[in-house]
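Engineer: What follows is a predicted structure for the sequence shown.
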Amino acid sequence: MATRQADIVIIGAGTAGLAAYSAAKHKTRNIVLINEGHYGTTCARVGCMPSKVFIQVANDYHRRHQLVKQGIHGGDQLFIRTEESLRHVRSMRDYFVSFVMESIEDIGENNIHGKARFLEPDTIQVGDQTIQAGKVILASGSAPFIPEPLKAIREKNRNSVLTTDELFEQESLPESVAVIGTGPLGLELGQAMQRMGVATHLFGRSRTVGGLTDTEVIEYAIRTFQEELPLNYAQELCYESCDDEIAISWQEGQDTRRIQVKTVLAATGRRPNVRNLGLEEIGVPFTDEGVPEFNPETMQIADFPIFIAGDVTGVRPVLHEASDEGRIAGWNCVNEITAFQRRTPLAITFSEPNIVRVGRPRRKLTEGAYHTGEVLFDSQGRATIQQYNKGMLHIFGDKHSGVLLGAEMIAPAGEHMGHLLSWAIENRMTVFDALAAPFYHPVVEEGLRTCLRDLAEKIDPSRQGLEIRFKSN
Ligand SMILES: Cc1cc2nc3c(=O)[nH]c(=O)nc-3n(C[C@H](O)[C@H](O)[C@H](O)COP(=O)(O)OP(=O)(O)OC[C@H]3O[C@@H](n4cnc5c(N)ncnc54)[C@H](O)[C@@H]3O)c2cc1C
Ligand SMILES: NC(=O)c1ccc[n+]([C@@H]2O[C@H](COP(=O)([O-])OP(=O)(O)OC[C@H]3O[C@@H](n4cnc5c(N)ncnc54)[C@H](O)[C@@H]3O)[C@@H](O)[C@H]2O)c1
C-alpha cells in the first residue's frame, strides 16, 4: 500500500491528543489521529468524571450519620443499592463521554482506529497503512500498573483483582475490599467504598497519602483517615488465594497480621504507554524513569520532529496539564517552536477532607529559606457549622520577601482554597498581598486567612495588623 502523507500524526485520542488537534487544526486539516482501544478519553471514561460521580454518591449517603444532631431523623432508615449506584455512575459517564465523541466525529476519516508504531521519526505504521508526517505528537496516555504478586492472583481469578479502569464496570460492589495504594486514587475510591458500606482496608507502602510531602500534614491526614477506615503501611504485602477470597498478610513490628477480602483494588499507580511504539528503535533518548526525554516548555523530544503530551510524559499526570501539553505540542507543530510558561502545579485529591498540594512541595523547598504558616480547621467557624471541621493547612513563603511558594493541606473546601492559593502563587503575590484581598464571613477561607496571618507574622512581625493597603495616588 502507498505511503500516505500528513502534516501531523497524533497518536492517542485522549485529552492531550484532542487538545493538540484543536490547537493545530486552524493551520492545517491534514492531521491524522490514531487511537487504540476505547474512545472517550481516560478522564471521561474511567477517570476524573466517573470517579467523582462515585464519590458524590458515597458522600451523600455518608451524610446520614451527621443529620440526627441537627434534629433530622430517619437517616438510619436509608440504605444503598450499589448495583443502582454503579448504573448511575455509568450513565453519567456515558453523558460525559458523549461530548468527547462529538468532537471525534468532527475529525471524520482522518481518525484511524488502531495501534500506532514508529518506523522512522517521521513515519508511522498503523495496521497495514504507513503514514509519513511532517510532525508527530505522542499522546498515548498511561495504563494501570499491577504489581507482580497481584498479577499472579489475577491470573487465577480476574475478578478478584480489579484496576481502577474496571471498578465502575462491576455489577455491584463487593462485601469487602483491600485497596492497595494511598495515592489520590486509592484514597478517593477506598474512602468512597467504605462510605458505601463495603468493608474496606487501605494499604500504603511509603508513609504518605494523596501525594503529600509535608510530614506533619501527612501524619494529621493518616490519623484522620484511620478514624474512618483501617489504614496500614507495609513495605511488603503477601497475597494468597483462599477459596473465593484473598488473604493479605503483612509484618507489623514482630507481629504478622492477616485479613481476608473478597476483592483487591490495585491503585498502585499508572505507567506511561511508551512500550512497543518503536521509540527505542528510532533512537529516542529515555530518562532513568523510562520515559522519553523532552523539553517541558516546548514538549519537543530532543531534536526529533516528535512532540509529547499528557500522561505519557509521566510528569504532571492531571487533566488540565494534559490539555495544556496537547495545546503546546499542537501549536508547536504548526508554528515556529516556542517555549511556554507552565502553570503553577496544583493537585487535588477529592477525599473528605480534600488533600491539596499547590506550588512547590515542601520536600523540594530549601531548608532555612522559607517560613511556614500553620492552621488547624478543628474549630474553624463555618467548617464547624457544616460538621466538616477537620483539617490542617501549611503555607510556605519566602523568608525575606514573603512571596508565596507553595502549600499542602488536608482541609474542608480544600479544592477551593487550593485554587485561591495557586492563583496567588501564579501572580507572584506575597503573603501581605494575599492578606489585602477580601475574605467574607463566615467562610472556610477565613481559616486560610488565619494561616496567612501566621505566616506574615513569622516573616515580618512589625507589619501585624496592617492588612489593608495605604491608598496610593
Ligand atoms: C480514576 C482516575 C481519576 C482521575 N481523576 C482526576 C482528577 O480528578 N483530576 C485530574 O486532573 N486528573 C485526574 N485523573 C488523571 C487524568 O484522567 C489524566 O491525567 C488524563 O486523562 C490524561 O490524558 P491523556 O490524553 O494523557 O491520556 P488518555 O486520555 O489516556 O489518552 C491516551 C489515548 O492513547 C491511546 N493509545 C495508547 N497507545 C497507543 C498507540 N500505540 N496507538 C494509538 N493510540 C494509543 C489510548 O488508547 C488512549 O485512548 C484521573 C485518572 C484516573 C485513572
Ligand atoms: N484526584 C484524582 O483522582 C487524581 C488527581 C490527579 C491525578 N490523578 C492521577 O492518577 C494517577 C494514578 O493515581 P494513583 O493514586 O493510582 O497513583 P500514585 O502513583 O499517585 O500512587 C500509587 C500508590 O501506590 C503505592 N504502591 C505502588 N506499588 C505498590 C506496591 N507494590 N504495594 C503497595 N503499594 C504500592 C505507592 O506507594 C503510592 O502510594 C496518578 O498519575 C495521579 O496523579 C488522580
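Structural biologist: Noted; the coordinates are in hand. Ligands and ions are numbered 1, 2, ... in the order given.
Engineer: Contact partners for the closest residue to ligand 1 within the stretch 251-400 of the chain?
Structural biologist: Nearest residue of the stretch 251-400 of the chain to ligand 1: G310, at 2.2 Å (C-beta to the nearest ligand atom). Bear in mind the C-beta positions are built from the backbone N, C-alpha and C, glycine included. Taking C-beta atoms under 8 Å, 6 or more residues apart in numbering, we find G310 in contact with 12, 14-17, 139-141, 321-322, 325-326.
Engineer: rerun at 7 Å
Structural biologist: 14-16, 139, 141, 322, 325-326 (C-beta atoms under 7 Å, 6 or more residues apart in numbering).
Engineer: Roughly how far does it sit from ligand 2?
Structural biologist: Here the criterion is C-beta to the nearest ligand atom, to the nearest Å. By it, G310 lies 11 Å from ligand 2.
Engineer: do you know how far that residue is from T41?
Structural biologist: Applying C-beta to C-beta, to the nearest Å, the value for G310 to T41 is 10 Å.
Engineer: got the buried residues for stretch 16-25?
Structural biologist: Buried residues in stretch 16-25, counted by 16 or more other C-beta atoms under 10 Å: 16-21, 23-25.
Engineer: Give me the spatial nearest neighbour of the residue of the stretch 251-400 of the chain closest to ligand 1, chain neighbours excluded.
Structural biologist: Distances taken as C-beta to C-beta, 6 or more residues apart in numbering place A16 nearest to G310, at 2.8 Å, with adjacent residues excluded.
Engineer: Give the residues shared as contacts by G310 and T41.
Structural biologist: 14-15.
Engineer: circling back to that earlier point, for the contacts of G310, which single residue is the most surrounded?
Structural biologist: A16 (35 neighbours; other C-beta atoms under 10 Å).
Engineer: Now do the strand or helix carrying that one: which elements does it pack against?
Structural biologist: Here A16 sits within helix 15-24, counting by DSSP states H and E. Counting contacts by 3 or more C-beta pairs under 7 Å, 6 or more residues apart in numbering; DSSP states H and E, helix 15-24 packs against strand 4-11, strand 31-35, helix 319-334.
Engineer: What average pLDDT does that helix get?
Structural biologist: Across helix 15-24, pLDDT averages out at 98.
Engineer: And ligand 2, is that helix touching that?
Structural biologist: No. Residues of helix 15-24 contacting ligand 2 under C-beta under 6 Å from any ligand atom: none, with a closest distance of 12.1 Å.
Engineer: Need the residues that contact that helix.
Structural biologist: So helix 15-24 is contacted by 8, 10, 31, 33, 41, 43, 103, 107, 137, 139, 309-310, 319, 322-323, 325-327, 329-331, 333-334 (C-beta under 7 Å, 6+ apart).
Engineer: Do that helix and ligand 1 come into contact?
Structural biologist: Yes. Judged by C-beta under 6 Å from any ligand atom, helix 15-24 and ligand 1 are in contact via 15-17.
Engineer: Check the residues you listed against T349 and report the nearest one.
Structural biologist: T15 (19.1 Å; C-beta to C-beta).
Engineer: in what helix or strand does W250 lie?
Structural biologist: strand 245-252.
Engineer: ah, wrong one, I meant S91
Structural biologist: Element membership for S91 (DSSP H and E) is helix 82-105.
Engineer: Distance check, T164 against ligand 2.
Structural biologist: For T164 relative to ligand 2 (C-beta to the nearest ligand atom), the value is 7 Å.
Engineer: sorry, that was for D122
Structural biologist: Taken as C-beta to the nearest ligand atom, the span from D122 to ligand 2 is 30 Å.
Engineer: Can you get me a residue count around that residue?
Structural biologist: By other C-beta under 10 Å, neighbour count at D122 equals 18.
Engineer: what number of residues lie near the residue in the stretch 101-250 of the chain positioned nearest to ligand 2?
Structural biologist: Nearest residue of the stretch 101-250 of the chain to ligand 2, counting by C-beta to the nearest ligand atom: G183, 2.2 Å away. For G183, the neighbour count with other C-beta under 10 Å is 17.
Engineer: before we move on, what about Y220?
Structural biologist: The burial count for Y220: 20, using other C-beta under 10 Å.
Engineer: ditto for G330
Structural biologist: Considering only other C-beta under 10 Å, G330 is surrounded by 31 other residues.
Engineer: What sits closest to it if chain neighbours are left out?
Structural biologist: A23 (2.9 Å).
Engineer: what about stretch 38-47, average pLDDT?
Structural biologist: Mean predicted lDDT for stretch 38-47 stands at 97.
Engineer: do that stretch and ligand 2 meet at all?
Structural biologist: No. Using C-beta under 6 Å from any ligand atom, stretch 38-47 stays clear of ligand 2, coming no nearer than 7.1 Å.
Engineer: Now the terminal residues of that stretch, how far apart.
Structural biologist: 13 Å (C-alpha to C-alpha, to the nearest Å).
Engineer: got the buried residues for that stretch?
Structural biologist: For stretch 38-47, using 16+ other C-beta under 10 Å, the buried residues are 40-47.
Engineer: In PDB, list the C-alpha atoms belonging to the strand holding W250.
Structural biologist: In PDB, the C-alpha atoms belonging to strand 245-252 read as follows (Å, rounded to 0.1, in the frame of the first residue of the first chain):
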ATOM      1  CA  GLU A 245     -11.300 -14.800  48.900                       C
ATOM      2  CA  ILE A 246      -7.800 -13.300  49.000                       C
ATOM      3  CA  ALA A 247      -5.700 -13.400  52.200                       C
ATOM      4  CA  ILE A 248      -3.400 -10.500  52.700                       C
ATOM      5  CA  SER A 249      -0.600 -10.600  55.300                       C
ATOM      6  CA  TRP A 250       2.000  -8.100  56.400                       C
ATOM      7  CA  GLN A 251       4.500  -7.500  59.200                       C
ATOM      8  CA  GLU A 252       3.800  -5.000  62.000                       C
END
